[in-house]
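**Student:** When you get a sec, could you give me coordinates for this:
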Amino acid sequence: MTKKIAFVAYYQKKNIYSFNALIGAIETEETLKDISIYFIRGKEKLNNDLKIILQNHEQVILGISFFTTQIWEISQLIKILRKRYGNKLLYLAGGPHPTGDPEETLRMGFDLVVIGEGEETLIELLKNIKFEHNILDIKGIAFLTDNDKYHFTGRRPILNLDKYPPLPIKNVRFGAIEITRGCPFICYFCQTPYILGTQPRHRSIDSICDTVKFMKRYEKTDIRFITPNAFSYGSRDGKTLNISKLEELLIRIKEIISPEGRIFLGSFPSEVRPEHVNTQTLDLVLKYAANNNIVIGAQSGSQRVLDLCHRGHTIEDVYKAVELTINANLYAYVDFIFGLPDENEKDMDLTLRVMRDLTNMGGRIHTHSFIPLPQTAFANKEAKEINTKIRMFIQKLNSKGDSFGDWKKQEKVAIKITNYLKSKKFE
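**Tutor:** Numbers count the residues shown, from 1 in each chain. Below is the predicted model:
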């Protein structure tokens, strides 16, 4: 007997957090409880499993979330699926790249793009499909009309994070817990404020603790957070810290996961802003968290470049953050982005000097290459090969174990993305 609807999540390593939140939201809708949910890893398995899923369901929706760095991979995947399955399923895209570049995502072969936060859009879409209502007037989606014109239905209001759990409860999955959305700093290379807004929204402590209790039932007691800035939890504006609220969160979680559980704060998968590293925030890490490192976003050693990027902090903030972190007997991992727009020779020399100073202090450099991303202020800025002087310096740091990161891979894909954003063609 065939079931009516299946939702297939292409569950890749880079998008598990997005799909955890989306499936968690779907599960809260009573009218969708009969929808089959599939999590499929790997393009070969996806290609093969879709055949069986299509045989057993009247309607199949394939959801794919991806970043701009994945557009060639996803484009090839959609071509393969279209060739094999044609229009037998609904191809749905969401995530950072589709939100920033929706028309070209549709022309890649998708039927619909979900723009921005996807929870309520996806719920409404599935309900309309189930009850055979029109799906093309749903807020938050984009599509190509019958005469091949791009159409966007308009943004939805921002979401109250407490409305939905951050993880699926019925289709059990685990991962880092999203505690905050939105960032007020609007760094010109970052998509976060453009996708999720500039006003920080925090999940309530009760909601977070409910998720921690759920994880503990399955003996998952290593707790990590997703947030634009790990020390800003509870802050009204994302700039002035709310230490008491953050500590309350940590105390409550600690009570749930003790004695074996561990909290990770200010380390992967989230970082902290340098001006928010102080004795109070570090004391919270030392008292409640298990991580031995703090990831600090510096991005450049030139104040001019930081200002051009709209970073909102100083070079002195970076030095102070690293010094305080190391004095607290924690490792300081410091993010730098090479090849930022309008960077000149003097800026590069300043960045080299700051990196040298920080490693001499005991810090490690986390290396990145500038990647232009759609919808950001730097979307039309050109990514170039990293300056030879910087390349040689990074190699020296690597040889001493003072740096790590994927800047070489990022450099290559960044140049490809530059060409794509200019031509809108895959080369």
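**Student:** Please enumerate the strands of the stretch 251-400 of the chain.
**Tutor:** With DSSP state E, counting those that start in this stretch applied, the stretch 251-400 of the chain shows strands at 262-263, 293-299, 331-338, 364-369, listed in chain order.
**Student:** Export the ones you listed to a markdown table and append columns for mean pLDDT and distance to residue 6.
**Tutor:** Placement of C-beta: from N, CA and C, glycine included. Shown next, in a markdown table, are the strands of the stretch 251-400 of the chain (pLDDT from 0 to 100; distance: least, C-beta to C-beta, whole Å):
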| stretch | mean pLDDT | distance to residue 6 |
| --- | --- | --- |
| strand 262-263 | 98 | 37 |
| strand 293-299 | 98 | 38 |
| strand 331-338 | 98 | 40 |
| strand 364-369 | 98 | 38 |
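**Student:** Reformat those strands as a markdown table; add mean neighbour count and distance to residue 137.
**Tutor:** Output for the strands of the stretch 251-400 of the chain, formatted as a markdown table (neighbours: other C-beta atoms under 10 Å; distance: least, C-beta to C-beta, whole Å):
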| stretch | mean neighbour count | distance to residue 137 |
| --- | --- | --- |
| strand 262-263 | 18 | 44 |
| strand 293-299 | 24 | 41 |
| strand 331-338 | 22 | 41 |
| strand 364-369 | 22 | 41 |
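**Student:** dump the residue contacts of the residue nearest to residue 353 when sequence neighbours are not counted.
**Tutor:** Distance criterion C-beta to C-beta, 6 or more residues apart in numbering; nearest residue to residue 353, sequence neighbours excluded, is residue 301 at 6.2 Å. Applying C-beta atoms under 8 Å, 6 or more residues apart in numbering to residue 301 gives the contacts 315, 318, 336, 347, 350-355.
**Student:** what's the answer for residue 330, then?
**Tutor:** 282, 285-286, 291-294.
**Student:** Give me the phi and psi angles of it.
**Tutor:** phi -120, psi 150 (degrees, to the nearest 10).
**Student:** mind checking how far it is from residue 275?
**Tutor:** Remark: distance between residue 330 and residue 275 (C-beta to C-beta, to the nearest Å) = 17 Å.
**Student:** do the same with residue 367
**Tutor:** Taking C-beta to C-beta, one finds residue 367 at 22 Å from residue 275.
**Student:** do the same with residue 214
**Tutor:** 34 Å.
**Student:** Residue 95 now?
**Tutor:** Separation of residue 95 from residue 275 (C-beta to C-beta): 30 Å.
**Student:** now do residue 314
**Tutor:** Going from residue 314 to residue 275 by C-beta to C-beta gives 8 Å.
**Student:** Give me the more crowded residue out of the two.
**Tutor:** residue 275 (18 against 14; other C-beta atoms under 10 Å).
**Student:** So the more buried one is in contact with residue 324, correct?
**Tutor:** No. Using C-beta atoms under 8 Å, residue 275 makes no contact with residue 324, being 11.3 Å away.
**Student:** Domain parsing of this structure, as residue ranges.
**Tutor:** Domain segmentation of the chain under automatic domain parsing yields 3-152, 292-427.
**Student:** Turn these into CSV, including distance to residue 178.
**Tutor:** Shown next, in CSV, are the domains of the chain (distance: least, C-beta to C-beta, whole Å):
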stretch, distance to residue 178
domain 3-152, 6
domain 292-427, 17
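**Student:** And those: which comes nearest residue 224?
**Tutor:** Distance to residue 224, taken as C-beta to C-beta, is lowest for domain 3-152 among these, at 10.2 Å.
**Student:** Distance from the closest one to the middle of the chain?
**Tutor:** Its chain's average C-alpha position is 18 Å from that of domain 3-152, according to C-alpha atoms, centre = their mean, to the nearest Å.
**Student:** So for residue 242, which of the domains of the chain sits nearest?
**Tutor:** Closest among those, once you apply C-beta to C-beta, is domain 292-427, at 18.2 Å.
**Student:** Tell me where the model's unsure across this structure.
**Tutor:** For the chain, the stretches with pLDDT under 70 are 1-2, 427.
**Student:** one more time with 90
**Tutor:** Counting by pLDDT under 90, the chain shows low-confidence ranges at 1-3, 13-14, 424-427.
**Student:** Measure how buried residue 183 is and give me the count.
**Tutor:** Per other C-beta under 10 Å, the neighbour tally for residue 183 reads 23.
**Student:** Helix or strand: which one has it?
**Tutor:** Assessed by DSSP states H and E, residue 183 sits outside every helix and strand.
**Student:** The host helix or strand of residue 195 - contacts with which helices or strands?
**Tutor:** Assigned by DSSP H and E, residue 195 belongs to helix 192-196. With contacts taken as 3 or more C-beta pairs under 8 Å, 6 or more residues apart in numbering; DSSP states H and E, helix 192-196 sits against helix 96-100.
**Student:** contacts for the helix it packs on?
**Tutor:** Here helix 96-100 has contacts from 65-68, 70-71, 105, 110, 113-116, 191, 194-195, 373-376, 379, using C-beta under 8 Å, 6+ apart.
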